[in-house]
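Q: only geometry, no sequence info:
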Ligand SMILES: *Cc1c(COP(=O)(O)O)cnc(C)c1O
């Protein structure tokens, strides 16, 4: 009697487990379009970067904008397990999302946070960047003890307290309210080795180093220091600060089509599946507008991914090619919000359900760099705009 009852009580549990399993399976095998990331590549990149840094320098993983489209929580959890101890994001909400997902490491917010949110910075134990004197004073006026890094403008003229405002900088270090744990600046031209760019970068490095020395002289320990991002690390690898702030390199990409100086591996592929195949007669129009007319009878495939997923619409007329089982297939017609078309006239082995890679991490012909170049932008923009409606799958 007892036995039967306990068996019966397991039935709802079994049903629930079953539905959970179904959901998980569905999630792992998306049908429409998805971002597919390689755990091994991400960990490999983090280790490779770390191994190539000077002894005292640590990797700060920049995971803003959903880790440049790579899924911030998943990515950060994996990196934290593999020894990364500090993460950086652009906004308060991004930082809170990481905390809530269980990240226990330091989290630095690069961007502006309103002083009225100081309680959240404190509650989630985040580190806020002070982006200007006014910002710092307003944060101080909240009376809340929050952890901060000072951002210094050494010549990029975007954000930061001007390098020569020593009094302001010292004031924040001596504040009883703000806990200033570090000081950093950002390079404006570290990606280029042109004479003019190098000159600008050298001037910024000197300004930053000069400031650190002046602080020491005034009896202030600047605490954590950092200046370089991906290109700063690659092009100025003799510098030795506490951190390098690495975004794009961590994901195995270059911003543009330049050579990588480290053996990094691209992490992300962007995939979809053919949802429909049809034949188009000669002289028929294809897609929106009447600029594309079939020059002959054509076989067309529609893939259910579009500019709302982050594929720039201005790629429509660039003769972009995507990978169908490794074969380069041109897109045709204008890219729509949720769909785009491929010219598969010459392809035999395709059917509804065939996988298509718009970015293929395993094949340089279909890299994010190629896509970015055709879209006349940088990979950072392409990757960071991949829409949230694309699930992220780590393999
Ligand atoms: C985004 C960002 C970085 C990372 O830049 P990458 O070129 O992607 O490595 C570093 N520092 C700051 C302040 C940033 O905003």
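A: Alright, I've got the coordinates. The shown structure was predicted, so the numbers you read here are calculated from the model rather than taken from an experiment.
Q: what helix or strand is residue 203 on?
A: Under the assignment given by DSSP states H and E, the secondary-structure element containing residue 203 is helix 195-217.
Q: and stretch 152-167, how far apart are its ends?
A: With C-alpha to C-alpha, to the nearest Å applied, stretch 152-167 spans 13 Å between its terminal residues.
Q: go on, stretch 356-373?
A: With C-alpha to C-alpha, one end of stretch 356-373 sits 20 Å from the other.
Q: Could you shift the numbering so residue one becomes 13, and keep it that way?
A: In the new count, where the first residue is 13, that last one comes out as stretch 368-385.
Q: Can you give me the buried ones in that stretch?
A: In terms of neighbour count (16 or more other C-beta atoms under 10 Å), stretch 368-385 has its buried residues at 368-373, 378-385. In this view, the C-beta of every residue, glycine as well, is placed from N, C-alpha and C.
Q: pLDDT wise, what is residue 28 at?
A: For residue 28, the model assigns a pLDDT of 70.
Q: That one: what secondary structure?
A: helix (DSSP: H, G, I helix; E, B strand; the rest coil).
Q: Now residue 332. Its backbone dihedrals?
A: Per-residue torsions, residue 332: phi -60, psi 140 (degrees, to the nearest 10).
Q: Touching, it and residue 378? I think so.
A: No: with contact taken as C-beta atoms under 8 Å, residue 332 and residue 378 are classed as non-touching, separated by 9.6 Å.
Q: Residue 123 touches residue 102, doesn't it?
A: Yes: using C-beta under 8 Å, residue 123 is in contact with residue 102, at 4.4 Å.
Q: For the ligand, what's its nearest residue on this protein.
A: residue 259 (2.5 Å; C-beta to the nearest ligand atom).
Q: who's in contact with that residue?
A: By C-beta atoms under 8 Å, 6 or more residues apart in numbering, the contact set of residue 259 is 74, 75, 76, 80, 241, 242, 392.
Q: so after the helix holding residue 215, what's the next helix or strand?
A: Proceeding C-terminally, helix 207-229 gives way to strand 236-238 as the next helix or strand, assigned by DSSP H and E.
Q: I'd like the next helix or strand past that next one.
A: Next along from strand 236-238, by DSSP H and E: helix 242-247.
Q: what are the bridge partners for residue 120, then?
A: residue 100, residue 139 (DSSP bridges).
Q: before we move on, what SS does residue 335 have?
A: strand.
Q: just to revisit the earlier point, make CSV from the buried residues of stretch 368-385 and add pLDDT, distance to residue 302 and secondary structure to it.
A: Formatted as CSV, the buried residues of stretch 368-385 follow (pLDDT from 0 to 100; distance: C-beta to C-beta, whole Å; DSSP: H, G, I helix; E, B strand; the rest coil):
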residue, pLDDT, distance to residue 302, secondary structure
368, 98, 26, strand
369, 98, 30, strand
370, 98, 26, strand
371, 98, 30, strand
372, 98, 32, coil
373, 97, 37, coil
378, 97, 30, helix
379, 96, 33, coil
380, 97, 32, helix
381, 96, 33, helix
382, 95, 29, helix
383, 96, 27, helix
384, 96, 29, helix
385, 95, 28, helix
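Q: Can you give the distance of the helix or strand harbouring residue 257 from its chain's centre?
A: In this structure, residue 257 sits in strand 255-258 according to DSSP H and E. Mean C-alpha position of strand 255-258 versus that of the full chain (C-alpha atoms, centre = their mean, to the nearest Å) differs by 14 Å.
Q: cool, and stretch 379-395?
A: Distance, stretch centre to chain centre, for stretch 379-395: 13 Å (C-alpha atoms, centre = their mean).
Q: so how far is the first residue of that stretch from its last?
A: For stretch 379-395, the separation between the terminal residues is 11 Å (C-alpha to C-alpha).
Q: for stretch 365-382, same thing?
A: 25 Å.
Q: Any residue of that stretch touching the ligand?
A: No: counting by C-beta under 6 Å from any ligand atom, the ligand has no neighbours in stretch 365-382; the shortest distance is 12.6 Å.
Q: what's the answer for stretch 84-100, then?
A: No: residues of stretch 84-100 contacting the ligand under C-beta under 6 Å from any ligand atom: none, with a closest distance of 6.8 Å.
Q: Would you mark the buried spots in that stretch?
A: Going by 16+ other C-beta under 10 Å, stretch 84-100 has these buried residues: 84-92, 96, 98-100.
Q: who touches it?
A: Taking C-beta under 8 Å, 6+ apart as the criterion, the residues outside stretch 84-100 that touch it are 49, 51, 54-55, 58-59, 62, 70-76, 78-79, 101, 106, 109-110, 113-122, 255, 257, 404, 406.
Q: Among those, which are located in strands?
A: Using DSSP state E, 49, 70-74, 101, 118-121, 255, 257, 404, 406 are the members of those that sit in strands.
Q: What residues does this protein have near the ligand?
A: Counting by C-beta under 6 Å from any ligand atom, the chain sits next to the ligand at 74, 76, 122, 198, 241-243, 257-261, 392.
Q: Give me the buried entries from those.
A: If you count burial by 16+ other C-beta under 10 Å, the buried members of those come out as 74, 76, 122, 198, 241-243, 257-261, 392.
Q: which residue packs closest to the residue positioned nearest the centre of the chain, ignoring adjacent ones?
A: Of all residues in the chain, the one closest to the mean position by C-alpha atoms, centre = their mean is residue 80, 1.4 Å from it. Distance criterion C-beta to C-beta, 6 or more residues apart in numbering; nearest residue to residue 80, sequence neighbours excluded, is residue 395 at 4.3 Å.
Q: SS state for the one you found?
A: Reduced to three states with three-state DSSP, the structure at residue 395 is helix.
Q: any idea how far it lies from residue 254?
A: The spacing between residue 395 and residue 254, counted by C-beta to C-beta, to the nearest Å, is 27 Å.
Q: can you check residue 270 too?
A: Residue 270 sits at a distance of 27 Å from residue 254 (criterion: C-beta to C-beta).
Q: So for those two, which sits in the more crowded spot?
A: Neighbours were tallied for residue 270 and for residue 254 using other C-beta atoms under 10 Å; the higher tally belongs to residue 254 (17 against 13).
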